[in-house]
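> Fold the following and give me the result.
(one chain, ligands or ions: 1)
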Amino acid sequence: MANKIVEVKHLSHRYSVDWAIKDINFEISTKGVFGLLGSNGAGKSTTMNIICNVLTQIEGDVFINGVDLRKDPITAKKFIGFLPQKAPLHTDMTVDEYLYHCADIRLMPKSEIPVAVERAKAKCGIAHFSKRVISNLSGGYQQRVGIAQSIIHDPMFVILDEPTNGLDPNQIIEIRRLIREIAEERAVLISTHILPEVQAACDYIMMIEHGNMVFKGSIEEFNNYMDPSVLLVIMHNAPEGDSELLKIEGMERVERLTRTRFRLHFKGDDSIVSRVVNEAVRNNWHLREISLEKESLDKVFAKLSGKF
Ligand SMILES: Nc1ncnc2c1ncn2[C@@H]1O[C@H](COP(=O)(O)OP(=O)(O)OP(=O)(O)O)[C@@H](O)[C@H]1O
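Here you go, the predicted model:
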């Protein structure tokens, strides 16, 4: 049977007394984009630094393509590409000079480097900037150079730390597209504290909170937790009591914010919206606004922390 791309077993680490991460377990055995989501201080960097062998764990094991990272880091690291949050660019070099330099550091055989550099540049859409000094490139293109160095040795696993941080909206879309493309041939792990980032860019999510893994699963499973369960409604001629609203199928609780503003808690899917609209028209409640309220990230964290 083929080796798993990454296997993380009972990983724990502490810098001083408190555990920064505790008993983290996951495996990656398919290509695609994996998101490591967590708020600031949750333990993302600690986990990624251990997987990249920048930090040595106190407890647990990491295997890359079946190779024990602690016992044989040189072999294991051949399978990994890494782009830290602050891209390690030499901005006074041209794109070509820099990528040749990175291939050298990766101890690639000299004869393979020209082909590898051309392949990485083509993949990242920077071949036309080969002779350009990196400091003269836009933020988005500098990030492409950073991604190119992470795949120069054609690794099966790439880790990108907050890869769209600091980019403008157009650049973010382009970099997400590039991440998707490079994930067609390998597993890519991106870390972020931005929920829409994982929802837009990832196939699978792993969520860490206070050093514990609180969710592992597909983006569809994760989105189930994000489904709205509250309607914000403004009615200028609302019914006096709650009973008429509670009669609507799916309605669980009525929260009166002001005389005209309501938060309506419901269960089930959002087909309740049309039922509320129909009742409001039928009863002449003067409905002025109706919208679905998404769960806040804090609430989702709390829910998930209780589940796992
Ligand atoms: N070098 C260090 N020395 C002591 N404590 C540390 C060190 N690095 C991280 N920590 C602590 O470990 C915990 C996890 O931090 P970590 O940087 O892994 O979280 P993170 O999810 O990457 O956060 P951020 O998004 O802010 O980078 C935090 O409580 C942090 O304060």
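> quick one: the helices in the stretch 201-308 of the chain?
In order along the chain, the stretch 201-308 of the chain carries the following helices (DSSP state H, counting those that start in this stretch): 219-226, 243-246, 272-283, 297-307.
> Contact residues of the stretch 151-300 of the chain facing the ligand?
Taking CB under 6 Å from any ligand atom, the part of the stretch 151-300 of the chain that reaches the ligand is made up of H193. Heads up, the C-betas are built off the backbone N, CA and C, glycines and all.
> where does V17 land on pLDDT?
Residue-level confidence at V17 comes out at 88, pLDDT.
> Please tell me how far it sits from the ligand.
For V17, the distance to the ligand (CB to the nearest ligand atom, to the nearest Å) stands at 10 Å.
> Quick check on W285: phi, psi?
Main-chain torsions, W285, degrees, to the nearest 10: phi -80, psi 0.
> err, L195, not the other one
When read as degrees, to the nearest 10, the backbone of L195 gives phi -60, psi -50.
> Would you agree it is in contact with L37?
Yes: A contact is recorded between L195 and L37 when judged using CB atoms under 8 Å, the distance being 6.8 Å.
> Run through the helices of the stretch 1-150 of the chain in chain order.
Using DSSP H, counting those that start in this stretch, the helices assigned to the stretch 1-150 of the chain run over residues 44-51, 73-78, 95-105, 113-124, 139-150.
> which residues of the chain score low on pLDDT?
Confidence mapping of the chain against pLDDT under 70 gives the ranges 1, 225-228, 294-308.
> Which helix runs longest in it?
In the chain, assigned by DSSP state H, the helix with the most residues is helix 169-182.
> Now the residue of the stretch 51-200 of the chain found nearest the ligand. Nearest residue, chain neighbours left out?
Sorted by distance to the ligand under CB to the nearest ligand atom, the residues of the stretch 51-200 of the chain start with H193, at 5.2 Å. Closest residue in space to H193, ignoring its immediate chain neighbours: S39 at 5.4 Å, by CB to CB, 6 or more residues apart in numbering.
> Could you measure from that neighbour over to the ligand?
Distance, S39 to the ligand, by CB to the nearest ligand atom: 7 Å.
> Of L195 and L37, which one has the most company?
Just comparing L195 and L37: by other CB atoms under 10 Å the higher neighbour count belongs to L37, 26 against 20.
> Beyond the longest helix of the chain, next helix or strand please.
Per DSSP states H and E, helix 169-182 leads on to strand 187-192 as the next helix or strand towards the C-terminus.
> Name the strands paired with that next one and say parallel or antiparallel.
In the sheet containing strand 187-192, its partner strands are strand 32-37 (parallel), strand 157-161 (parallel), by DSSP bridges.
> domain assignment for the chain?
As assigned by automatic domain parsing, the chain contains the domains 6-225, 228-295.
> most tightly surrounded among the ones you listed?
Across these, averaging neighbours per residue (mean count of other CB atoms under 10 Å) puts domain 6-225 on top, at a mean of 18.
> check contacts around the nearest residue to R259 once chain neighbours are set aside.
Setting aside the residues directly before and after it, R259 is nearest to A238 in space (CB to CB, 6+ apart), at 7.3 Å. For A238, the set of contacting residues under the criterion of CB atoms under 8 Å, 6 or more residues apart in numbering consists of 259-260, 262, 285.
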